[in-house]
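>>> What follows is a predicted structure for the sequence shown.
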Amino acid sequence: MFIATLVGIFKFEEIPQEYGPFVRYKASLENKNIDENDEIAILNIKGTESNHVLFLDSYKNIAEIEDELKAADAKLNYNTKKILEGHL
């Protein structure tokens, strides 16, 4: 199982350029219209070249995020989990 580590939590307009394509791709998968004030978490999946995007307003609790990551064979590291819990 891979470890997901928080890169950062950003407003859409503040997303670093290198993560923009990941955000737009995830939005297209979810048919989501991105508001410039949406909080978006970017996770790096250690041991891969992958990043995982979370639109934080789409989740009610941390368990939903953990379930989504489990499908990708990943889990949150402890610090990332605690930070995300504070934003949900």
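The structure has been received and is ready for your questions. Numbering: from 1, shown residues only.
>>> What residues of the helix-or-strand element of the chain with minimal mean pLDDT count as buried?
One helix or strand of the chain scores below all others by mean pLDDT, DSSP states H and E: helix 20-29, with a mean of 94. Neighbour counts over helix 20-29 (16 or more other CB atoms under 10 Å) mark 22, 23, 26, 27 as buried. Bear in mind the C-beta positions are built from the backbone N, C-alpha and C, glycine included.
>>> Make JSON lines from those and add distance to residue 85 to it.
Shown next, in JSON lines, are those (distance: CB to CB, whole Å):
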{"residue": "22", "distance to residue 85": "22"}
{"residue": "23", "distance to residue 85": "22"}
{"residue": "26", "distance to residue 85": "21"}
{"residue": "27", "distance to residue 85": "23"}
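>>> quick one: which of these is nearest residue 50?
Of all these, residue 50 sits closest to residue 22, with 8.7 Å by CB to CB.
>>> The closest one: what's it in contact with?
Residue 22 sits next to 42, 51, 53 when contact means CB atoms under 8 Å, 6 or more residues apart in numbering.
>>> which residues sit in contact with residue 51?
7, 19, 22, 42, 43, 44, 45.
>>> Could you identify which of these has the most neighbours?
residue 43 (25 neighbours; other CB atoms under 10 Å).
>>> Mind pulling the model confidence for it?
pLDDT, the model's per-residue confidence, is 98 for residue 43.
>>> Run through the neighbouring helices and strands of the helix or strand harbouring it.
If you go by DSSP states H and E, residue 43 is part of strand 39-45. Here strand 39-45 touches strand 2-11, helix 20-29, strand 51-55, strand 74-76, going by 3 or more CB pairs under 8 Å, 6 or more residues apart in numbering; DSSP states H and E.
>>> Using JSON lines, please lay out the ones you listed together with distance to residue 64.
Formatted as JSON lines, these follow (distance: least, CB to CB, whole Å):
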{"stretch": "strand 2-11", "distance to residue 64": "14"}
{"stretch": "helix 20-29", "distance to residue 64": "15"}
{"stretch": "strand 51-55", "distance to residue 64": "10"}
{"stretch": "strand 74-76", "distance to residue 64": "12"}
